[in-house]
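Enquirer: Okay, here's the prediction I keep looking at, along with the sequence it came from:
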Amino acid sequence: MKNSIRIWCPASVANINVGFDALGFCLSDAGDEIIAERVNHPGVHLGELKGFPTPDNPEENVAYVAAASVYRAAQELNIGIRLNIDKRIKPGSGVGSSAASAVGAAFAANELLGRPFTKEELLPFCIDGEAIASKTRHADNIAPALLGGFCLVVTQEDHLAVSLETNLDLHYVVAHQQIEIKTSASRTVIPQEISLETAIKQWSNLGGFTAALFKNDKDLLAYCAKDFVVETHRKSQIPHFDALKELAVANGALIFGISGSGPSVFALCESNQNAMAVKESFDKLLTKKEHDYHLYSGNVDKKGVHELL
């Protein structure tokens, strides 16, 4: 078994408009790093914490909770693991900050314990960690950060998620205005009940969206990416949402929407040229506005969490 390992813990976009708590995709240019080491004293321990603030109380730290969940299930109780976390994704940014920490720590612990679980089997342990931050058990950021690419969470209760294979070469732009919207607070604005008519529109689009990925049909993908449930209620929390949406569409984006609970928004584009045009237009708008911001861009990452060699 390895004595230490350095892990890339990727950011992700959740919901993708039509898949609230069910869809997500993995980012290639944003993530945390975790260095995990075997130590002499048994149990999971927090080591150096740097970057954006992360709780030093183990029971409030999503990485610790996820790794400890793997550790208990593996029943290797004579081994010690120390987690050194470089928190590069700002908490509350809407690109799966807590999920990245949970996935990276669970993956690292599994590797140091001799890989008793497959990647897919790590899902419930990652959710244990994510639940500390979001106050609910959901895996729409967890699954793509863990498995890479586009993922669909089939059931939260039975911890089943699947990769949605596609040959579409999709490029993303994510605009993060640096205000904080907590996932737990953002969920309170979403209605608990919707009409049957709205539900039919939404689940028809979800089915069409997943079919479009498998069929490599970008036109169907764009057509089915309309959200009838969440966007209307959450967009008021995000500064300049409508202006950013207009710019994305004008510059050829296939899809525009809220990333997770916000404040980040994302655009999916069919070419790097489109993505760079969208990114430039976002930059020109946001540089004149009141909030600091950061722009991410790249190809949808198909690897997910992995060891850095």
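Expert: Great, that's in hand.

Enquirer: Please work out how many residues are found near the residue lying closest to I16 once chain neighbours are set aside.
Expert: Using CB to CB, 6 or more residues apart in numbering and skipping residues adjacent in sequence, the residue nearest I16 is L23, 4.3 Å away. Every C-beta, even on glycine, is put in place using the N, C-alpha and C of the backbone. Neighbour count of L23, defined by other CB atoms under 10 Å: 24.

Enquirer: Okay, and the beta partners of L23?
Expert: Beta bridges link L23 to L152 when assigned by DSSP bridges.

Enquirer: from memory it sits against H138, does it?
Expert: No - if you go by CB atoms under 8 Å, L23 and H138 don't touch, sitting 11.3 Å apart.

Enquirer: Name the residues contacting each of the two.
Expert: V153 (CB atoms under 8 Å, 6 or more residues apart in numbering).

Enquirer: per the record, what domains does this protein have?
Expert: Structural domains annotated on the chain: 4-165+302-307, 171-299, as defined by automatic domain parsing.

Enquirer: tell me the most buried of these?
Expert: Neighbour counts (mean count of other CB atoms under 10 Å) averaged over each of those peak at domain 4-165+302-307, with a mean of 22.

Enquirer: start to end distance for that one?
Expert: End-to-end distance for domain 4-165+302-307: 11 Å, by CA to CA, to the nearest Å.

Enquirer: and the residue sitting furthest away from the middle of the chain, what are its phi and psi?
Expert: Relative to the mean C-alpha coordinate of the chain, counting by CA atoms, centre = their mean, the farthest residue is N40 (33.4 Å). Dihedral pair for N40: phi -80, psi -30, per degrees, to the nearest 10.

Enquirer: Was I right to think it contacts G80?
Expert: Yes - at 5.9 Å, N40 and G80 qualify as touching, with contact defined as CB under 8 Å.

Enquirer: Turn the domains of the chain into a markdown table, including mean pLDDT.
Expert: Shown next, in a markdown table, are the domains of the chain (pLDDT from 0 to 100):
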| stretch | mean pLDDT |
| --- | --- |
| domain 4-165+302-307 | 93 |
| domain 171-299 | 92 |
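
Enquirer: so S163 is in which element?
Expert: Using DSSP states H and E, the element containing S163 is strand 160-164.

Enquirer: And the helices in the stretch 151-300 of the chain, which stretches?
Expert: Taking DSSP state H, counting those that start in this stretch as the criterion, the stretch 151-300 of the chain carries its helices at 183-186, 196-215, 218-223, 231-234, 241-250, 272-286.

Enquirer: could you give the angle of the second one to strand 160-164?
Expert: So that's helix 196-215. Relative orientation of helix 196-215 versus strand 160-164 (axes from the mean of the first three to the mean of the last three CA atoms, to 10 degrees): 50 degrees.
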